[in-house]
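Visitor: Make a model of this:
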Amino acid sequence: MMTVHTFLGIATIIMLIASLTVFTLKMKPLIGALTKARSVNRIDRVGKRIFSLIMHVFGHKRLLKMRLSGIIHLFIFSGFVVLFLDIMETIVKVIIPSFSLWPFLGAIVDIWVLIILIGIMMAFYNRRVVKPERFKGSNESDATFVLALITIIVVGIVIHTSFYMLIAEDVFSVRPESGHFLGALLAQLWIAIGWDTPTIASIGYAVGYIMDIGTILLFLAYLPGSKHFHVLTSVPSVFTRDLDRPVGLPTGTLTGYEDAKKHAEQGMAIYSFSDLTWKDTLDLYSCTECGRCQDVCPAYNAGSVLNPKLIITDLRDALKETLKDPACQTAKSPLAGGVISKEALWACTTCRACEEACPLFIEHVPKIVGLRAALVEEGTVETRAQETFKHWYEQGNAYAEKPSERPAVVKQADISFKDARKEAVDFLWFLGDVASYDTDPGVLRSIQSIGALFKEANLDVGLLYDGEANSGNDALRMGEHGLFEHLAKENLLTIQEATFERVVTSDPHSFNALLNDYPQFGFDKQVYHYTQLLLNLVKDGTLEIKHSVNARATYHDPCYLGRWNGIFDQPRELLQLCGAEIVEMPRNKMNSLCCGAGGGRFFMNESGAEERPSESRIKEAVALEGVTHFVVTCPKDVVMYSAAAEELGLEEQIQVVDIAELLAEAVGLTSIPAQAG
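Guide: Sure, this is the predicted structure:
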């Protein structure tokens, strides 16, 4: 007569073969797509990658930034790590009933069964009662189904262990020494209601075993078509993340120097899935649809059609369709402008908040920029953006001004500096377009304050004057790689004419290009953002703080200074040395809200936004008790936030000032015009 163990042994083999067969068939197209994708080097620096894996997969560092969701995931994730050992023991027991992997394993498993069940209840509460906005657009039915599978698995563990305690070499007795205290309690119930007979106990054990092991194998077969495929992709996704952008100190390249060279050689435009790297493809299958990227996206929160989560999931779904039917190529539905609408692509500010929020380090921005590049090459460009491209190419600036007019703002600011092309200087001051041409009064005050501070410190500073062109930072992130190269090489030719030791810039976008993008063309000079330089001058006594400024200030982190390049503390330290009282906005440092100007958005139409990010940010600052100054360190921010404060009628309540204005006041430079209001 067949015993229950023999029956389950045969059933396990059948279920395992079926599960692995389905899993393999589902995985085959994906593996083919990964092997055919563009190469990218993501297996170097193994030690750092392993450490990153420990911190972010097992340590849940990013996930726990959202406390409730992080704890829920930690409960369920840690449970499956523990239950993996129980799965091994359970399967072996059908062959060797007396087998025990570890004497205390049963108690540990039951503790984690309770933790998982608590996590599942919290998950249902979060999804059905709290209903975070970030879940909008996610596959909720898939999430519910998987939570149901997990519930069946852990309940099955308790059921099969409870009945197993009643089976001992054909002698039925409760065996609590196995450590399964939940199983022991449930076994007492079976005894009380008379379910401790050999037949019923054997059937109960088989049912619980199938609920446990059978559901796990069903889960394995289901995974490749589910958003929960991240159970398998999370480890390789985090392990192969871009280490050139470590947490807390990212670098400003789109893809890393070597990868940038490959993009230049192969073309950065993404027309079809064959233009993706294998890491891009892995990213599409790693998305958990948690919506953290959506939650922090300034464009999405402004009411635009861009949703970074849907960028990834829509590409993933389109890829799946293509893998199922190779005839379904992007010629019928192009990726750029088809699968992903052109409106969504042009709405991106490339602030990288989405990437910072993603627990699996999915790289949204390079994909968006690549898709933008396809639109650019096809001529499908937002109207003002097209005009800006033309102006950059013909005049070297976005304002369609003659290059000879670039020094005009310096003349208006009543400061003069050497021409670095004619006289050797220590610092080359790279102004950027906005500082050179924008007529906003705040920009003029900013430049005058910075220039006056440089003069006060007796710095040997020079300009390129009409030889300076736009850095190309925005052009590259708008997808115009050819124009970026044109602008970069024009600047580098002019720079070769100049004699200087170091570069300073008051524009974070130019700072990012000079520091991170230009080295691929051989540029190797040290580059400072002006806040770094001014802080050094104050700390070494070159600039003397004579009195404290009367300001209760909040500081805005520019994306291309903070999140792209990890400069958070220097501006704050400078404010403190000026005597300003700093009050942080809820969204600060790495979680700062973008002003809405990055990625070329400064030079595009703003139609369609329900509330501009700059207006949302001003409201956030005004809500802080007693704050009088909104401090910025970017000329675009001066323009964006001054306009937002005026639009909201709050310019009398809060002053938008460049940090240099406060420092000039603290140093005692009285020639700087006072802030209006």
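Visitor: Only C-alpha atoms, please: export stretch 501-514 in PDB.
Guide: Taking Å, rounded to 0.1, in the frame of the first residue of the first chain, the C-alpha atoms of stretch 501-514 are listed here in PDB:
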ATOM      1  CA  GLU A 501      44.400  76.600 -13.500                       C
ATOM      2  CA  ARG A 502      40.900  76.000 -12.300                       C
ATOM      3  CA  VAL A 503      37.300  76.500 -13.400                       C
ATOM      4  CA  VAL A 504      34.400  77.900 -11.300                       C
ATOM      5  CA  THR A 505      30.900  78.200 -12.400                       C
ATOM      6  CA  SER A 506      27.700  79.600 -10.900                       C
ATOM      7  CA  ASP A 507      25.500  77.300 -13.000                       C
ATOM      8  CA  PRO A 508      25.000  73.700 -11.700                       C
ATOM      9  CA  HIS A 509      24.100  72.500 -15.200                       C
ATOM     10  CA  SER A 510      27.400  73.900 -16.600                       C
ATOM     11  CA  PHE A 511      29.200  72.500 -13.500                       C
ATOM     12  CA  ASN A 512      27.800  69.100 -14.200                       C
ATOM     13  CA  ALA A 513      28.800  69.200 -17.900                       C
ATOM     14  CA  LEU A 514      32.300  70.400 -17.200                       C
END
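Visitor: Give me the distance from it to the chain's centre.
Guide: 24 Å (Cα atoms, centre = their mean, to the nearest Å).
Visitor: taking the mean pLDDT, what do you get for that stretch?
Guide: Per-residue pLDDT over stretch 501-514 has a mean of 96.
Visitor: Ok, stretch 40-56 next?
Guide: In this model, stretch 40-56 has a mean pLDDT of 86.
Visitor: List the buried residues in that stretch.
Guide: Neighbour-count burial for stretch 40-56, counted by 16 or more other Cβ atoms under 10 Å, picks out 40, 42, 49, 52-53, 56. C-beta coordinates here come from the backbone N, C-alpha and C atoms, glycine included.
Visitor: where does Val527 land in three-state SS?
Guide: strand (DSSP: H, G, I helix; E, B strand; the rest coil).
Visitor: wait, what's in contact with it?
Guide: The contact partners of Val527, taken as Cβ atoms under 8 Å, 6 or more residues apart in numbering, are 502-505, 511, 514-515.
Visitor: Looking at the residues you listed, state which has the most neighbours.
Guide: Counting neighbours by other Cβ atoms under 10 Å, Phe511 leads those with 31 neighbours.
Visitor: Would you double-check that it falls in a helix?
Guide: Yes - secondary structure of Phe511 (three-state DSSP): part of a helix.
Visitor: Ser471 versus that one, what's the distance?
Guide: From Phe511 across to Ser471, the span is 9 Å (Cβ to Cβ, to the nearest Å).
Visitor: Likewise for Ala206?
Guide: Ala206 is 70 Å from Ser471, by Cβ to Cβ.
Visitor: try Thr350
Guide: From Thr350 over to Ser471 (counting by Cβ to Cβ), the distance is 14 Å.
Visitor: Ala344: how many residues sit nearby?
Guide: 21.
Visitor: make that Ile216, sorry
Guide: Using other Cβ under 10 Å: Ile216 sits among 22 other residues.
Visitor: and if you look at Glu501?
Guide: Per other Cβ under 10 Å, the neighbour tally for Glu501 reads 12.
Visitor: circling back: out of the contacts of Val527, the closest to Lys546 would be?
Guide: Distance to Lys546 across the contacts of Val527 (Cβ to Cβ) is lowest for Val504, with 23.4 Å.
Visitor: now the helices: where do they sit in the stretch 401-550 of the chain?
Guide: 408-412, 433-437, 441-456, 473-477, 481-497, 508-512, 530-539 (DSSP state H, counting those that start in this stretch).
Visitor: What of the stretch 251-400 of the chain?
Guide: Under DSSP H, counting those that start in this stretch, the stretch 251-400 of the chain gives helices at 257-266, 278-286, 292-296, 298-301, 308-324, 342-347, 353-357, 364-378, 383-395.
Visitor: Which residue lies nearest the spatial centre of this protein?
Guide: Glu355 (1.0 Å; Cα atoms, centre = their mean).
Visitor: mind listing what that residue touches?
Guide: Counted by Cβ under 8 Å, 6+ apart, Glu355 has contacts 245, 293, 361-365.
Visitor: State the distance from it to Leu232.
Guide: Distance, Glu355 to Leu232, using Cβ to Cβ: 22 Å.
Visitor: same check, this time on Gly267
Guide: For Gly267, the distance to Leu232 - Cβ to Cβ - is 32 Å.
Visitor: now Asp44
Guide: Applying Cβ to Cβ to Asp44 and Leu232 gives a distance of 23 Å.
Visitor: what does Ile118 give?
Guide: In terms of Cβ to Cβ, Ile118 sits 25 Å off from Leu232.
Visitor: repeat for Tyr641
Guide: Relative to Leu232, and taking Cβ to Cβ, Tyr641 is found at 45 Å.
Visitor: Of the two, give the one with the bigger neighbour count.
Guide: Tyr641 (26 against 16).
Visitor: mind pulling up the phi and psi values for the closest residue to that one other than its chain neighbours?
Guide: Closest residue in space to Tyr641, ignoring its immediate chain neighbours: Val656 at 4.5 Å, by Cβ to Cβ, 6 or more residues apart in numbering. The phi/psi pair for Val656 (degrees, to the nearest 10) reads phi -90, psi 110.
Visitor: Show me what the longest helix along the chain is packed against.
Guide: For the chain, the longest helix by residue count, based on DSSP state H, is helix 4-36. Here helix 4-36 touches helix 198-209, helix 215-222, helix 278-286, helix 308-324, going by 3 or more Cβ pairs under 8 Å, 6 or more residues apart in numbering; DSSP states H and E.
Visitor: related to what we said a few turns ago, what's the least confident stretch among the helices of the stretch 251-400 of the chain?
Guide: It's helix 257-266: among these, that one has the lowest mean pLDDT, namely a mean of 51.
Visitor: picking up where we left off before, highest mean neighbour count out of the helices and strands packed on helix 4-36?
Guide: Highest mean neighbour count of the helices and strands packed on helix 4-36: helix 278-286, a mean of 23 (counted as mean count of other Cβ atoms under 10 Å).
Visitor: outside of that helix, which residues touch it?
Guide: Taking Cβ under 8 Å, 6+ apart as the rule, helix 278-286 contacts 30, 33-35, 37-40, 42, 229-230, 233-234, 236-237, 240, 273, 312, 315-316, 319, 360, 362-363, 366-367.
Visitor: For Gly451, which non-adjacent residue is closest in space?
Guide: Nearest residue to Gly451, sequence neighbours excluded (Cβ to Cβ, 6+ apart): Ile415, at 3.6 Å.
Visitor: Just the buried residues of stretch 116-127, please?
Guide: 116-117, 119-120, 122-124, 127.
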